[in-house]
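> okay, predicted coordinates and the sequence, questions at the end:
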Amino acid sequence: MTKEELTSLQAIELSSDALVFKLEPGKAPVVTWTLKNPSSTAYISFKIKPTRPARYLVEPNHGVVTPSSAVAITVTMQEKDCDQLLRLDASQREFVKDKLHVLSVGVDAAFCVELKGAQDAAEELVKFWASVDRKHISNHNLRCTFEEDGIVSLSRRNSTGSRPPRLDSICSSSFTEANVSSSGSTISFVLQQDDAPHVTIVMTNPSNEDNLTFQITSSQPKRYHVRPNHGVLGPNGRVTVHVIMTEKYCEKVLKLGPAQRTVLRDRLVVQCIGLRPDFCRKLTKKASKEVIDDLTTLWTRTEKKRIWTKKLRCYFVEDDEASTCWTLALAPTMELKSLQVPKESTPEETTMVVATRDARLEAKMRDQNKLKEELGMLLQYVVELYA
């Protein structure tokens, strides 16, 4: 077979471009996909190599596909690796870049006949792949993604066999015409050397009847830590959210001039959905993991017209007197206000301001310590993986 024939016979088709492993404690997730030879005349040899061979068992991991046929491939994750991934949160699992390299090359029909008559066909295939020129090999990459099985609990039938609740029985009818608001939506980070700038946002639910679920995402998640980044607020409820810029990013912004900082387009996106009281009562009877799973699924299934959104643009200043405290009233107003204290304060007001700042500093320290613990756990996990 000529080199031109080899390169013309290496096309294969995969049933998916990503493998989704559903993580469950104490189980070894299994994913099955199909490798197909679309040619009506060509024979194709394949080999599958995981980037983490100790984590994944691939069966079969090599072979030959005859013309116009397909082979089912089963990929099994080790149970211990599944448990390790479950210790990470969703944002940390995004940094796991596991892949399967699916290699293929055209082979002569005569070679396949010889392979059938060989005493050790697997050994013959190993020798064949060792002798193949790399430029004749086609490489397809299959990404490995992970999700916890509970995330789909609302979208499928539950354990009793009944259908999941309809969205119109979960979402409050008081919030049917949501919008995206960006007016007056800027928050300022006060930059200082060797410091992680901190902003506090007090989020309130102005409704006297409805419950709200909210989530906060950042356009640059590696630059900001948001605690808490999701939750549920009852009628007239409130929650204090701390947004911490990383010290490393602060140093980079400090090196920029004022004009250059205005070009930065960092944003926080605050979203909320109205919830019916009966649905919230059911949430209170569930474990924390189940609550998170149900809310995650609710966000993925809810129509955009039901979601109220507020975009907060981040500005960067070096003025110590700039406000670092804000209030944000959620749906339906989505109104952002600064909690800046007047320069001329009464002694009582001054005492209150000092106490507020001390509380913010304590909360900041707690968040930083918690972040260090999470980073330590992640580092320990990485060390265990590569040990």
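Ah, there it is.

> and the residue of the chain most remote from its centre, what's its pLDDT?
Centroid-distance maximum for the chain: residue 117 at 49.6 Å, with C-alpha atoms, centre = their mean. Here, the pLDDT recorded for residue 117 equals 75.

> over to the one 10 residues further on?
Note for residue 127: predicted pLDDT of 84.

> give me the distance between it and residue 46.
Noted for residue 127: a distance of 16 Å to residue 46, by C-beta to C-beta, to the nearest Å. Using the backbone N, CA and C atoms, a C-beta is placed for each residue, glycine as well.

> neighbour-wise, which of those two wins?
Taking other C-beta atoms under 10 Å, residue 127 and residue 46 do not tie; residue 46 has more neighbours (24 against 10).

> isn't the more buried one up against residue 102?
Yes - using C-beta atoms under 8 Å, residue 46 is in contact with residue 102, at 6.5 Å.

> which residues do these two both contact?
Common contacts of residue 46 and residue 102 (C-beta atoms under 8 Å, 6 or more residues apart in numbering): 12, 35.

> can you map out the helices along the chain?
Secondary structure of the chain by DSSP state H: the helices cover 3-8, 79-86, 90-93, 109-117, 121-131, 247-254, 258-261, 277-283, 288-301, 347-386.

> which one of these has the lowest average pLDDT?
For the helices of the chain, mean pLDDT drops lowest on helix 3-8, to a mean of 41.

> what's the pLDDT at residue 60?
With respect to pLDDT, residue 60 scores 90.

> pretty sure it sits against residue 73.
Yes - using C-beta under 8 Å as the test, residue 60 is close enough to residue 73 to be in contact (7.0 Å).

> which one's more surrounded, these two?
It is residue 73, of residue 60 and residue 73, that has more neighbours when counted by other C-beta under 10 Å, with 23 against 14.

> any idea of the pLDDT on the more buried one?
92.

> beta-bridge partners for it, please?
Beta bridges link residue 73 to residue 33 when assigned by DSSP bridges.

> correct me if wrong: it contacts residue 32.
Yes - Residue 73 is within contact range of residue 32, at 6.9 Å (criterion: C-beta under 8 Å).

> tell me the domain ranges of this structure?
Following automatic domain parsing, one gets these domains for the chain: 3-150, 162-340.

> count the neighbours of residue 188 for me.
Residues lying near residue 188 (other C-beta under 10 Å) number 19.

> just list whatever residues bridge to it.
Beta bridges link residue 188 to residue 315 when assigned by DSSP bridges.

> residues contacting it?
Taking C-beta under 8 Å, 6+ apart, we find residue 188 in contact with 199, 314-317, 322-324.

> Throw these into JSON lines and include pLDDT, neighbour count and distance to residue 90, thanks.
Output for these, formatted as JSON lines (pLDDT from 0 to 100; neighbours: other C-beta atoms under 10 Å; distance: C-beta to C-beta, whole Å):
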{"residue": "199", "pLDDT": "90", "neighbour count": "23", "distance to residue 90": "23"}
{"residue": "314", "pLDDT": "91", "neighbour count": "24", "distance to residue 90": "23"}
{"residue": "315", "pLDDT": "88", "neighbour count": "14", "distance to residue 90": "29"}
{"residue": "316", "pLDDT": "91", "neighbour count": "22", "distance to residue 90": "28"}
{"residue": "317", "pLDDT": "88", "neighbour count": "15", "distance to residue 90": "33"}
{"residue": "322", "pLDDT": "72", "neighbour count": "16", "distance to residue 90": "33"}
{"residue": "323", "pLDDT": "74", "neighbour count": "17", "distance to residue 90": "32"}
{"residue": "324", "pLDDT": "78", "neighbour count": "20", "distance to residue 90": "28"}
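
> what is the nearest of these to residue 286?
Of all the contacts of residue 188, residue 286 sits closest to residue 199, with 31.8 Å by C-beta to C-beta.

> what about that closest one, distance to residue 323?
According to C-beta to C-beta, residue 199 stands 9 Å off from residue 323.

> how about residue 275?
From residue 275 to residue 323 the distance is 31 Å (C-beta to C-beta).

> thinking again about what came up before, nearest to residue 143, of the contacts of residue 188?
Using C-beta to C-beta, residue 314 is the member of the contacts of residue 188 that lies nearest residue 143, at 31.0 Å.

> pretty sure the closest one is touching residue 191, no?
No - using C-beta under 8 Å, residue 314 makes no contact with residue 191, being 11.4 Å away.

> common neighbours of those two, please.
Shared contacts of residue 314 and residue 191 (C-beta under 8 Å, 6+ apart): none.
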